[in-house]
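Predicted structure and sequence below. I'll ask about it afterward.
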Amino acid sequence: MKNLVIFSCNASPGFFKNLIDFHIACHPIRILADFSRYKELKKKLIIPSQILDKKLQKKLNEVAYNDFGVSINENAFHIQKDGAEIPFLNVLAYSLAIASSGMAKRVFLLGFDGYKKKDLRQKEMQKMFELFKKVSKLEIYTLSKTSYDFPMFLDSKN
């Protein structure tokens with residue numbers, strides 16, 4: 001596959017760390033909790049710096065990062081070149097917006113198991129995917145078992 005870019009959502013525990021191009025995070029508490037790992041990993045970070053408090057914004061000088069803005073609207077998904085409006089502050093929604101903004105054609109998910117059918121988080125994710133599909137032609141495949149309605153890449157004819 002040409003032009004393969006590998007994102008890791010948040011600071012992954014080290015799986016495939018040599019293959020990862022960018023770490024993506026969007027929740028201020030997660031960014032703060034994982035900050036020392038970002039410094040350790042020495043990979044570029046993609047974050048929405050405008051939602052961080054001044055103290056954390058100052059710490060950003062210690063790591064390489066790209067700023068991709070974010071705002072929240074529970075009933076919308078809008079993607080622009082330098083930011084996105086997403087239904088809720090979720091790293092997968094934010095990552096899909098980044099990939100779509102960067103003109104990716106396909107995304108392969110690994111490790112997004114999903115939740116049980118009646119779990120509120122599952123319903124939120126399903127809503128997010130529905131809103132996303134309305135504004136993006138990005139093809140989403142999974143590389144591992146998931147409760148989300150995406151084809152397994154290895155089973156598809158791609």
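Structure received. Only a predicted model underlies this, so the values are computations on that prediction, with no experimental measurement involved.

Check which residues of stretch 41-50 are buried.
41, 43, 45-49 (16 or more other C-beta atoms under 10 Å). Just so you know, the C-beta spots here come from the backbone N, C-alpha and C atoms, and that holds for glycine as well.

Tell me which of those fall in strands.
Counting by DSSP state E, the part of the buried residues of stretch 41-50 found in strands is 45-47.

Disregarding residues adjacent in the polypeptide, which is nearest to Asp113?
Once flanking residues are discounted, Asp113 sits nearest to Thr146: 5.8 Å by C-beta to C-beta, 6 or more residues apart in numbering.

hang on, that neighbour in a strand?
No: the assignment for Thr146, made by DSSP: H, G, I helix; E, B strand; the rest coil, is coil rather than a strand.

Which residues are in contact with it?
When the contact criterion is C-beta atoms under 8 Å, 6 or more residues apart in numbering, the partners of Thr146 are 109, 112-114.

By neighbour count, which of the residues you listed wins?
Leu109 (20 neighbours; other C-beta atoms under 10 Å).

Let me see the contact set for it.
Leu109 neighbours (C-beta under 8 Å, 6+ apart): 92, 140-144, 146, 148, 150.

Give me the buried entries from those.
92, 140-142, 148, 150.

For the top helix by length along the chain, C-alpha coordinates in PDB please.
Longest helix in the chain, counting residues (DSSP state H): helix 120-135. Extracted in PDB, the C-alpha atoms of helix 120-135 (Å, rounded to 0.1, in the frame of the first residue of the first chain):
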ATOM      1  CA  LEU A 120     -24.400   3.700  26.100                       C
ATOM      2  CA  ARG A 121     -20.900   4.100  24.700                       C
ATOM      3  CA  GLN A 122     -21.700   1.700  21.900                       C
ATOM      4  CA  LYS A 123     -24.700   3.800  21.000                       C
ATOM      5  CA  GLU A 124     -22.600   6.900  21.000                       C
ATOM      6  CA  MET A 125     -20.100   5.300  18.700                       C
ATOM      7  CA  GLN A 126     -22.700   4.100  16.300                       C
ATOM      8  CA  LYS A 127     -24.200   7.600  16.200                       C
ATOM      9  CA  MET A 128     -20.700   9.000  15.600                       C
ATOM     10  CA  PHE A 129     -20.100   6.600  12.700                       C
ATOM     11  CA  GLU A 130     -23.500   7.400  11.100                       C
ATOM     12  CA  LEU A 131     -22.700  11.100  11.300                       C
ATOM     13  CA  PHE A 132     -19.200  10.600   9.900                       C
ATOM     14  CA  LYS A 133     -20.500   8.500   7.000                       C
ATOM     15  CA  LYS A 134     -22.700  11.400   5.900                       C
ATOM     16  CA  VAL A 135     -19.700  13.700   5.400                       C
END
